[in-house]
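Q: compute the structure for the input listed below.
(2 chains)
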Amino acid sequence: MVNIASLPIPDTQLERAKTTITPLSSQNSSFIIDSRNKSYKFQYSNIYFLRLSALRGFVQENAVRQWSNLPGKPSFVPRVLEVEPSKLCYIIGTVYMDMPLKPNVMEDIARDHSIPAPPPPPYYYSGEDQIMIEDESGRIQLVGERLKSERLVTGVIIGALGMETSDGKFEVVDICYAGLAPQPSATIEAGSQSPVEKDTLNSEDLPTDEWIGIISGLNVGAPASSDGQIQLLIEYLTGEEGSTDDNFSASRISRLIIAGNSMAPMLVTGKGELDAEGDKKTRKFAYDGTTFSSHPIVTLSSHLLDIGRVMPLHVLPGGADPSGVILPQQPFPRAMFGAVSSFSSFACETNPTYLNISSDSSSDTRTLLLHSGQPVNDMFKYLPSPPHTHLGIVESTLKWRHIAPTAPDTLWCHPYFTADPFILKETPDIYIVGGQKKFATKLVEDTGKDDGLRKRCRLVLVPEFSESGILALVNLRTLRVKAVRFRGEGMTNNVANGTDLNAMESSPSEPVPLAEPESSMPQSSNSSKIL
Amino acid sequence: MGSQNIEDFLTKQMLIEGNIVTYRSLSRQLSLHVNAAKNALATFYSKTRNEGENKLAATYLVSGELQPERQHSDPIDMDVDMDSAQENVEYESDGAEEVQLVEVVLTGEKDLEYTRSKFSKIYSTHIYCLSPTSIRDMDLVCSANDIVRDIDNKKGSEIAAVAGKIVGSDVKQGKYVPLPAPVVTNNAPSTSKASSSVTAETKAPKKTTTITDKPKASDFFTRMKPKNTKDEKNVTKKEAKKSDTKEDLAKSNTKVDAGPSKNPNEEKPAKLEKKRKQEQILDLEPEQVKPVAVSKAKGKTGVKRKSPSSEDDETQREEEEERDEPSVRIRKNAIISDDEDEQPSVVSGRTKGKGKARDKGKQVMKREDEDVLALMDVDDDEVIRVSRSRKASPEPSEAVKSEPEDIEMQDDTEDKPTAKPKRKTKAKKIVPVGKNGLKKKRVMKSKMTVDSKGYMVTEDYSSYESVDEEEPEPETTTKGKGGKNSTNKEKPKKSTSGSKDSTKEEEGSRETSGTRSKSGPKPKPKASSSGSKGKNTIASFFGKPKGSQ
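A: Got it, this is the predicted structure:
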């Protein structure tokens, strides 16, 4: 028996920190696919074209800045096919990774459909990969040692310095990207750093600071339940758990963001398959208790209600959620979550989404960019790891000014016709990626040597809660990050102490696509779901 | 709540009923602050222990900061497939920061000391729950949740305050209002928005706004096409240019009401009149829909609605004028934007028109969808209309029908200018257009359907027929029924004038039928007529313009 000091009963209620969602700036577009854009008949080539035309200018600026003073005066060749052999020059185009392991639509078509398709590969990387750069004129293969240290995936707009070799390839000496997009909230001339901004980032967290909480991957309904941890999380957030210290820090969490994968992917029992031949049709829309259970959503709803009663809540769909698979995933229907949907402070967001959060205690407004991790996890398949890490990839997306370059190649995305919404026109203040394996955070800073504008961005990689039990907290003023981990010691059903690690890993953490990305028609998979 | 009560309660729950009691369930059931409940659990537990009874197991919750050095071996750092530190070396230094890690750990009594030893700073340790036996499965602590949630649901904010929940002041029940988000892409304001904000006076300005928006869209296309196809296709460039010019023209036309009227004058009166009637019906519909969606405050519209029934031509015409814009807009919503419609008329090139039509098709599809969604939210009446618009949409994409489209568009533009010709004369003129007596009947009915779409005259005809005579073309039958029903409903309500007109037309049609067609007097021949009509509709459709021109 341990002697436990009895807890004081506070006389006054703690007050929860309050933040306000403010409208987005005109630069940060909404990811809602409204009805006028809800057409799937456009070709994906538009996206590449738009991306190239939108980012080429920035890449060229950087290229000129970096390379124009080099000896040999490299010239800019506007079309990649017009490079002249053995003459130093630079070209700008879209990276295309030719990877034997990457899903290939031609192979899908040629496949014998009587045999079940092989599972999608866990990664695309192999030794035979070729890196191409392409623009409107055509494509040329890039070679060179320099590429190996570079993090390149399909769809990134780069500038490449080098010269054409005798065999028609392009030997790369250096590579440049578009660089960090301007950041209105921290647009400060380099050198004359505003003392205020510098102070806020260096100062200690104050008790008056507002924090936001981020979780991802509750995976309610997974075979290995994490209900216990979720219970601890809820009690922590409501401020009931622990001592007054805990309660106080909980009271500073002004809102909670759930970055995807709230529900575990539904397990197909196989019964449904058997029925599919005959009987299934007759009860197509009937509730089939043998193959489907509404239990996970009921459980999740009651969890959300517990949290939604005490703080504003934002829910993003994720890859495992019952939502459309192509990005941007559209908001869940609110009614799905039952009672919590009656709260005006409960918001279903798109994935990805921008949020502008302004703190009530100070005048700070922070722009958050959130997504549930599919773009990063997809890019990760392109890259050998080690050495590459998820955090490094996320940081790269800032430099590429594009959060999901592998869409539409291997990442399913909406066939945008008029704009590529994944282009970063502004660097967000906080960039949160859910659905990760491991918690990581970093403050990316650009001192503004290039364009005279200082930028910084807080990256937060939020791991799956069901595996890690981690709640990430970000201080809106100082951009400092804390992690709170919930777990049980010496108990089953929690992975954090390692007892059930194997079981957890075998459970599907990612949905198994029903078809290879390129062979599946987004129209069919999405039109119904997005509605 | 006396301590004795608490003790009794806990004794009953755990020792007799064998339940798990958490501090939360205790606090809810006895309306205690959670900290009081935690203390009560501790008191009760120590008491039972002191009495030598070992029947209870305690589960503790420990929270605190972890020792910094422990973080390296923390599972969070090891989740990645590689396990050894050696492999970690190979990773790029991505600059990940170490962050303060707070842990909240649930532990049984036997692991309590071990757990506490891992913390560098302990915020708190308290009893989380008491149970008859030690808890091995973490999910079991959720078993008391039903009670907690029940009481939370019943007592709501009251219990939250008692128990010590920290409730945000901005957490409120109510309707979620999404913030207005800037939209990236080219967009005409959605119909629902437009309609909602519309008042009778503001109609004109609105029209202009929609027009300006569209140019954006088309601008976009023009921008895109040349780039996309840069060298290759001159055709597309031409198209783009064309659309530019068209846009300009469209702008000028639409902005100035008189603009469109010029062109239409050239068209033949019979057509105009017919169109005009259709338009009237169209106009009526907008009235109906808008007041509902927007605000019923529009007193004027109601009055006007009645006026058409009075058969006074002048009043009707006035109405038309006023409603011209709304009607145009609705047509736009349903099918195609009005400026686009007008464009072809200006250009007058048929071949060009076809190319254009395809472009339109895209936009039409978009808009249509959006309209459908928007309308679904609003009103039953509007829903009906949506179904009609659906009908119309597929057609524009068909190459064959592009021609009819153009013609109709021209008609639309002409509608406005038509000075008030006399109703009867119009009706008579219309009658001649139909070759058979049957046709005429169709025309009458078709008017209703035509309004909603405005453009697709042929289908409208067929749909009406189909309803009446059961013999429509396959496409039109299914859609047409819905449309017809809707129109039927609308008829009695609004367009008394329309019905009267139709009666007049009927008369005219009878005259003609008597003269021309063999088919028996009015109603009987329906079946036979339907067969002929089905064929005739298309033929007549194409035939009309020729005849008129």
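
Q: from here on, contacts and neighbour counts on C-alpha atoms
A: Noted.

Q: run a quick neighbour tally on the residue nearest to A:W412 when sequence neighbours are not counted.
A: Of all residues not flanking A:W412 in the chain, A:I326 sits nearest, at 4.7 Å (Cα to Cα, 6 or more residues apart in numbering or on different chains). A total of 24 residues lie near A:I326 under the criterion other Cα atoms under 10 Å in any protein chain shown.

Q: do the one 4 residues further on as well
A: If you count neighbours by other Cα under 10 Å, A:Q330 ends up with 26.

Q: list the contacts of it.
A: A:Q330 makes contacts with A:F31, A:I32, A:I33, A:P317, A:S323, A:G324, A:E349, A:T350, A:N351, A:I530, as judged by Cα atoms under 8 Å, 6 or more residues apart in numbering or on different chains.

Q: in the sheet, who's paired with the closest residue to A:P74 other than its chain neighbours?
A: Nearest residue to A:P74, sequence neighbours excluded (Cα to Cα, 6+ apart): A:C89, at 4.4 Å. Note on A:C89: beta-bridge partners by DSSP bridges are A:S75, A:G162.

Q: and A:C89, what does it touch?
A: Contacts of A:C89 by Cα under 8 Å, 6+ apart are A:P74, A:S75, A:F76, A:V77, A:V83, A:L161, A:G162, A:M163.

Q: out of the residues you listed, which are buried?
A: A:P74, A:S75, A:F76, A:V83, A:L161, A:G162, A:M163 (16 or more other Cα atoms under 10 Å in any protein chain shown).

Q: per-residue pLDDT, the second one?
A: pLDDT, A:S75: 83.

Q: surely it meets A:I92?
A: No: in this structure A:S75 lies outside contact range of A:I92 using Cα atoms under 8 Å: 11.7 Å.

Q: list of residues touching the longest helix seen in chain A?
A: Counting residues, the longest helix found in chain A (DSSP state H) is helix A:45-67. With contact meaning Cα under 8 Å, 6+ apart, helix A:45-67 is reached by A:73-74, A:92-94, A:135-136, A:155, A:157-159, A:176-179, A:401, A:408, A:415-420, A:423, A:450, B:228.

Q: can I see the domain layout of chain B?
A: B:3-71+B:100-163, B:191-548 (automatic domain parsing).

Q: hey, least reliable of those domains by pLDDT?
A: domain B:191-548 (a mean of 45).

Q: check which helix or strand the closest residue to A:Q436 other than its chain neighbours maps to.
A: In space, and not counting its chain neighbours, A:Q436 is closest to A:P463: 4.3 Å by Cα to Cα, 6+ apart. Using DSSP states H and E, A:P463 falls within strand A:453-463.

Q: distance between the ends of stretch A:379-391?
A: One end of stretch A:379-391 to the other measures 12 Å (Cα to Cα, to the nearest Å).

Q: that one near chain B anywhere?
A: Yes: using Cα under 8 Å from any Cα of the partner chain, stretch A:379-391 reaches chain B at A:S385, A:P386, A:P387, A:H388, A:T389, A:L391.

Q: and the third one, how many residues sit next to it?
A: A count of neighbours around A:P387, defined by other Cα under 10 Å, yields 16.

Q: that one - that's part of a helix, no?
A: No: counting by DSSP: H, G, I helix; E, B strand; the rest coil, A:P387 is located in no helix; its state is coil.

Q: residues contacting A:I234?
A: Going by Cα under 8 Å, 6+ apart, the list of residues near A:I234 reads A:H303, A:D306, A:I307.

Q: closest one of those to A:E467?
A: A:H303 (17.6 Å; Cα to Cα).

Q: now do the SS call for the closest one.
A: helix.

Q: state the distance from it to A:L233.
A: Counting by Cα to Cα, the gap from A:H303 to A:L233 is 10 Å.

Q: which one's more surrounded, these two?
A: Neighbours were counted for A:H303 and for A:L233 using other Cα under 10 Å; A:L233 has more, 25 against 20.

Q: which residue sits closest to that one, ignoring its sequence neighbours?
A: A:F486 (6.7 Å).

Q: how about A:S358?
A: Using Cα to Cα, 6+ apart, the nearest residue to A:S358 is A:T365, at 3.9 Å.

Q: briefly note if stretch A:401-409 comes near chain B.
A: No: figure legend: stretch A:401-409 not in contact with chain B (Cα under 8 Å from any Cα); closest approach 15.7 Å.

Q: measure that stretch end to end?
A: 17 Å.

Q: quick one: average pLDDT of that stretch?
A: Averaged across stretch A:401-409, pLDDT comes to 87.

Q: just checking the distance from that stretch to the centre of its chain.
A: 11 Å (Cα atoms, centre = their mean, to the nearest Å).

Q: what do you get for stretch A:261-268?
A: 19 Å.

Q: just give the number of residues close to residue 26.
A: Using chain A. The burial count for A:S26: 12, using other Cα under 10 Å.

Q: actually, chain B is the one I wanted.
A: There are 27 residues near B:L26, going by other Cα under 10 Å.

Q: minimum pLDDT in the contacts of A:Q330, which residue is that?
A: Out of the contacts of A:Q330, that is A:I530, at 36.

Q: for stretch B:25-36, which positions count as buried?
A: So for stretch B:25-36, counting by 16+ other Cα under 10 Å, buried means B:S25, B:L26, B:S27, B:R28, B:S31, B:L32, B:H33, B:V34, B:N35, B:A36.

Q: now do the same end-to-end measure for that stretch.
A: End-to-end distance (Cα to Cα), stretch B:25-36: 12 Å.

Q: do it and chain A come into contact?
A: Yes: using Cα under 8 Å from any Cα, stretch B:25-36 comes into contact with chain A via B:H33, B:V34, B:N35, B:A36.

Q: can you lay out those as JSON lines showing secondary structure?
A: Converted to JSON lines, those look like this (three-state DSSP):
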{"residue": "B:H33", "secondary structure": "coil"}
{"residue": "B:V34", "secondary structure": "helix"}
{"residue": "B:N35", "secondary structure": "helix"}
{"residue": "B:A36", "secondary structure": "helix"}
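
Q: what is the nearest of these to A:D129?
A: For the residues of stretch B:25-36 next to chain A, the nearest to A:D129 is B:V34 (59.6 Å; Cα to Cα).

Q: if we ignore the residues flanking it in sequence, what's nearest A:M99?
A: A:D129 (4.7 Å).

Q: please enumerate the strands of the stretch 1-150 of chain A.
A: In the stretch 1-150 of chain A, the segments counted as strands under DSSP state E, counting those that start in this stretch are A:19-22, A:75-77, A:89-98, A:130-134, A:139-143.
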